[in-house]
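S.K.: quick one, fold the following:
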Amino acid sequence: MANGTVALNNDRPLLGIGFMLLAGLLFVLLDSMAKSLGQDYSSVQVVWARFTGHVAVIALYFLYRGGAGNRFLVSESIPGQFLRGVMLLAASTFAYTALAQLPLLQVHVVNFTSPLLVTVLAVPLLGETLDLKRGAAVLLGFIGVVIAIGPTDWRSDPVLLYPFGMAFCFALYQLSTRRFGRSDAPLTSLFYAGLAGALISSLVVPFFWTPIATEDLWLFIGIGLLGAGSQFGLIQAMRFAPASLASPFLYAQLIWSSLFGYLLFGDVPSLNTYLGAVLIVAAGLYIATRRR
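M.R.: Next comes the predicted model:
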């Protein structure tokens, strides 16, 4: 490592898969905490805790490393890293607002459309091409979304639109990760993404603040720790294994979100939700395996 630059290491695929499975579990734990807190606190306050805790963890590590930690502040594009953070902040805000009212699994199923959106948006934003077969896979995935959500009146229940805002912003976050700071160290990307979210949410959170009950304090601390840990696991997974190999293992979140949704919140998903999820996952897997 020199000047914060790290070469990719794709020769440890099992380690990459392990990090991806860990990241998936941490994401579901993070969302479970956010859903629990969302019953009593504004989603803005929960998002603030997620990003402030995220930055605090990284800052403490920098202090521990002393001068050696300064190299992690060097980036190819600090504005680009901040753009990543803004997209992640927007995705988190949509997600936590949705989780306060919707089942855990349903939100995760819609979020699985983000790889499909990445495939579509990469055409105008990154100049990539979309062949007929991958285009058909994207269409199949979106049909899966319609099946998973089921017939509904969007005008009378607009909260159902929030997961789609989350998936769209998360797709932009992934595209900006491809575009900016490809050679940045993982901690560099982790730090600046969290810093952007912490700064912006800190400006807004006073208008949505609710005093934190003592028994909820550990949840607010935990959501920050999980926010940093889940993103670090995702970054490490992509460093140790090709994206086409590691990404499909993120679909293990379906298992965790089904389990935690039932045990913690009593959610019993409908058969349509699982049928739609199968189509979305199948489309995502096809696109991942066809992308070089």
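
S.K.: who's in contact with Asp267?
M.R.: Contacts for Asp267 were tallied using CB atoms under 8 Å, 6 or more residues apart in numbering; they are 103-105, 261. C-beta: built from backbone N, CA, C; applies to glycine.

S.K.: my error: substitute Ser189 in the last question.
M.R.: By CB under 8 Å, 6+ apart, the contact list for Ser189 reads 81, 84, 177, 181, 235.

S.K.: ranking those residues by neighbours, who comes first?
M.R.: Arg84 (25 neighbours; other CB atoms under 10 Å).

S.K.: which residue lies nearest the spatial centre of the chain?
M.R.: Nearest to the mean C-alpha position of the chain, counting by CA atoms, centre = their mean, stands Phe170 at 6.2 Å.

S.K.: ok, it touching Val110?
M.R.: No. Judged on CB atoms under 8 Å, Phe170 makes no contact with Val110 at a distance of 10.4 Å.

S.K.: hang on, the earlier thing: quick one: average confidence on the helix or strand where the residue nearest to the centre of the chain lies?
M.R.: Element membership for Phe170, per DSSP states H and E: helix 162-179. Average pLDDT, helix 162-179: 87.

S.K.: can I get the contacts of Ser189 in TSV with secondary structure and distance to Ala91?
M.R.: Formatted as TSV, the contacts of Ser189 follow (DSSP: H, G, I helix; E, B strand; the rest coil; distance: CB to CB, whole Å):
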residue	secondary structure	distance to Ala91
Gln81	helix	16
Arg84	helix	11
Thr177	helix	12
Gly181	coil	18
Ile235	helix	16
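
S.K.: could you dump the residues you listed into a markdown table with distance to Ala49 added?
M.R.: Shown next, in a markdown table, are the contacts of Ser189 (distance: CB to CB, whole Å):
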| residue | distance to Ala49 |
| --- | --- |
| Gln81 | 22 |
| Arg84 | 20 |
| Thr177 | 23 |
| Gly181 | 25 |
| Ile235 | 21 |
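
S.K.: ok, which stretches of the stretch 151-292 of the chain are helices?
M.R.: Ranges of helices within the stretch 151-292 of the chain are 162-179, 186-204, 217-240, 243-246, 253-265, 271-290, based on DSSP state H, counting those that start in this stretch.

S.K.: can you flag the weakest of those by average pLDDT?
M.R.: Of all the helices of the stretch 151-292 of the chain, mean pLDDT reaches its minimum on helix 243-246 (a mean of 68).

S.K.: so what pLDDT did the nearest residue to Gln101 once chain neighbours are set aside get?
M.R.: Counting by CB to CB, 6 or more residues apart in numbering, Val159 is the residue found nearest to Gln101 once chain neighbours are left out, at 5.0 Å. Val159 is assigned 82 on the pLDDT scale.

S.K.: same question for Gln45.
M.R.: As predicted, Gln45 sits at a pLDDT of 95.

S.K.: which one among the contacts of Ser189 gets closest to Ala252?
M.R.: Ile235 (17.7 Å; CB to CB).

S.K.: nearest spatial neighbour of that closest one, chain-adjacent residues omitted?
M.R.: Closest residue to Ile235 apart from its sequence neighbours, by CB to CB, 6+ apart: Pro186 at 4.2 Å.
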